[in-house]
Structure formats: C-alpha cells, structure tokens
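Colleague: This is a predicted model, with the sequence first.
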Amino acid sequence: MARPNQTCIDACNRCFQECQDCASNCCMQDGSMAQCARLCLDCATLCATCVTLMSRGSQFSANACRVCAELCDACAAECEKYPDRDPCRRCAEACRRCADECRKVAA
C-alpha cells in the first residue's frame, strides 16, 4: 500500500536530485549563474524537508509544501533563463512538476 502523498514525495525527491545537479553545474560557470545555483540549493533543501515531513505524516506538511511550491516556481523561472543548458532544463521541469504536486498537498 502506497503511503499518503507518495506522488508528491517522489516529485520532491526528483526535484531534490535535479536541483543538486543543476547547482553543481552552475557553480562550474564563471559566476554568472550564482542566482541559479542559490535557488537550486534552497529548493533542494526545502524539497528534502518536505519529503521528511510527509514521510512521517507531520501536521506541518501542507505548510511546508505551500512554501516549497513557491520556491520551486522561482527556481524553475530562473533555470528557464538557460534553456540551452541540460541541467537547467531538467531542473526546471522537475521544479514545475514538484510545484504542482506540492500545491495538491497544500490544498
């Protein structure tokens, strides 16, 4: 039997992975992608927190997911400024999906 919010947990885990990868790739640039890296790291941190809270059925999951959706939207918007970079493109896609799933949990 699947745990409640499993789709959101999976989306958050995927977003965490893509954000970490994107941040790592942004850091290898000349500093021009610093904002992208910062947002990716913030997003990855919050996604991991949401996974933790949802996994243990915390009463604060919905609140965390609400903020996570906002951060995922901001991260996606920043990553979408670099459509020619695969890590940014993958991160933006994962962030958009995660934001959608987090909004469902927050509702």
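Modeller: Happy to help now that I have it. Quick caveat, the model's predicted, so the values are computed rather than measured.
Colleague: Now the closest residue to Thr7 other than its chain neighbours: phi and psi?
Modeller: Leaving aside its sequence neighbours, Thr7 sits nearest to Glu101 (C-beta to C-beta, 6 or more residues apart in numbering; 5.7 Å). The C-beta positions use only the backbone N, C-alpha and C, and glycine is treated the same way. When read as degrees, to the nearest 10, the backbone of Glu101 gives phi -70, psi -40.
Colleague: Give me the buried stretch members for stretch 71-80, please.
Modeller: For stretch 71-80, a neighbour-count test (16 or more other C-beta atoms under 10 Å) marks 71-73, 75-76, 78-79 as buried.
Colleague: Kindly present those residues as a markdown table, with separate columns for distance to Cys22, pLDDT and secondary structure.
Modeller: Converted to a markdown table, those look like this (distance: C-beta to C-beta, whole Å; pLDDT from 0 to 100; DSSP: H, G, I helix; E, B strand; the rest coil):
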| residue | distance to Cys22 | pLDDT | secondary structure |
| --- | --- | --- | --- |
| Leu71 | 14 | 98 | helix |
| Cys72 | 12 | 98 | helix |
| Asp73 | 15 | 98 | helix |
| Cys75 | 8 | 97 | helix |
| Ala76 | 11 | 97 | helix |
| Glu78 | 10 | 95 | helix |
| Cys79 | 6 | 95 | helix |
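Colleague: so how far is the one helix or strand Cys88 maps to off the chain centroid?
Modeller: According to DSSP states H and E, Cys88 maps onto helix 86-106. Once both centres are worked out by C-alpha atoms, centre = their mean, to the nearest Å, helix 86-106 turns out to sit 6 Å from its chain's centre.
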